[in-house]
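>>> Give me the fold of what follows.
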Amino acid sequence: MEKRILYWTILCMVLTGVGAIEVTMPQSQYEFARGDNITLPCSFKSAINLNTAEVVVITWTALALEANVKDATILTYYHHIKKTGITPAYKGRASLDVDVLNGKANLKLSSISLADNKDFECHVQIPDDDDGTQAASARLVVLVAPSTPVCKIQGTAQYGQDITLTCASAGGSPMPTYSWKRYCEHNQPVPQDPQTTDKDGILSLYNISKDTSGFYICTSQNKLRAATCNLTLSLMPPSMNAITTGGIIGRVLAYLIFLIIIIIIIFFFFWQNK
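Residues are numbered from 1 along each chain as shown. Predicted coordinates for the structure are as follows:
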């Protein structure tokens, strides 16, 4: 009974010339580091006997993410003449790992860059087999390690002031996240004051005091790896500022008094001579 059903199914497909193609990619997203040589897998199945198929056309396309940008064809393979046409933009770094009879149409890309952060579509066209799923796509995410961040102090590092510590990496994909940690002179981690805010690499410190001093490390991190920068925050008590300012004023006044005394002596000397 089962053999009869299979026989009639195959006969109907042959007579009608209609198949049910299925193109698939195993994952919806692939992540690789910038500069890697990669393979995006694509497989397909067809109800048509591929040994006798007149034409099988395989096309890989980089889909545009912006509305006003056109999709970019990467390559097209023609099975009946065993020829692959590669567009100039991908010449030298794109190739097809293909085995039509076994349903393999893998795209190989070398030295990927941030420009390859796109959706890639695998499309298979077989005559008389246009029902089913002719295409599948997946997102390529190119990972770039964060560049070494730069740490800076904004504001005046004096008691009672509000200051911010900033941390930023020039590059990184996906965008890195930032976190600050404070250490005491014995290199032990110190919890931040409850009023402190740490967001997007900006550490805001309010009403700073002696307890705010320390060694601060910022970590910039994404899926690939992490990078750090650091700075030392040293504060001067207000009393020290007052002493320093008072000393300067005192020296200036003493100098002025000395000049006045000299002027009086010179004036008195000339008055006596007259």
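>>> what is the mean pLDDT for whichever strand or helix holds residue 73?
Take DSSP states H and E as the rule and residue 73 turns out to sit in strand 72-78. In this model, strand 72-78 carries a mean pLDDT of 97.
>>> then it to PDB, C-alphas only?
Taking C-alpha atoms only, strand 72-78 is exported to PDB below (Å, rounded to 0.1, in the frame of the first residue of the first chain):
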ATOM      1  CA  ALA A  72      23.900  44.100  -3.700                       C
ATOM      2  CA  THR A  73      24.300  40.800  -5.600                       C
ATOM      3  CA  ILE A  74      27.500  39.000  -4.400                       C
ATOM      4  CA  LEU A  75      27.600  36.100  -6.800                       C
ATOM      5  CA  THR A  76      25.500  33.900  -9.100                       C
ATOM      6  CA  TYR A  77      26.200  30.300  -9.900                       C
ATOM      7  CA  TYR A  78      24.900  28.500 -13.000                       C
END
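>>> Tell me which strands it pairs with, and in which orientation.
Here strand 72-78 has these sheet partners by DSSP bridges: strand 57-63 (antiparallel), strand 83-86 (antiparallel).
>>> so what does the following helix or strand past the last one touch, helix or strand wise?
It stands for strand 83-86. Once the chain leaves strand 83-86, the next helix or strand it forms, by DSSP H and E, is strand 94-99. In terms of contacts (3 or more C-beta pairs under 8 Å, 6 or more residues apart in numbering; DSSP states H and E), strand 94-99 is packed against strand 57-63, strand 72-78, strand 83-86, strand 104-109. Bear in mind the C-beta positions are built from the backbone N, C-alpha and C, glycine included.
>>> Can you check what angle separates strand 94-99 from strand 104-109?
Counting by axes from the mean of the first three to the mean of the last three C-alpha atoms, to 10 degrees, strand 94-99 lies at 160 degrees to strand 104-109.
>>> Flag the shaky bits of the chain, pLDDT-wise.
Applying pLDDT under 70 to the chain flags residues 1-19, 237-248, 250, 267-274.
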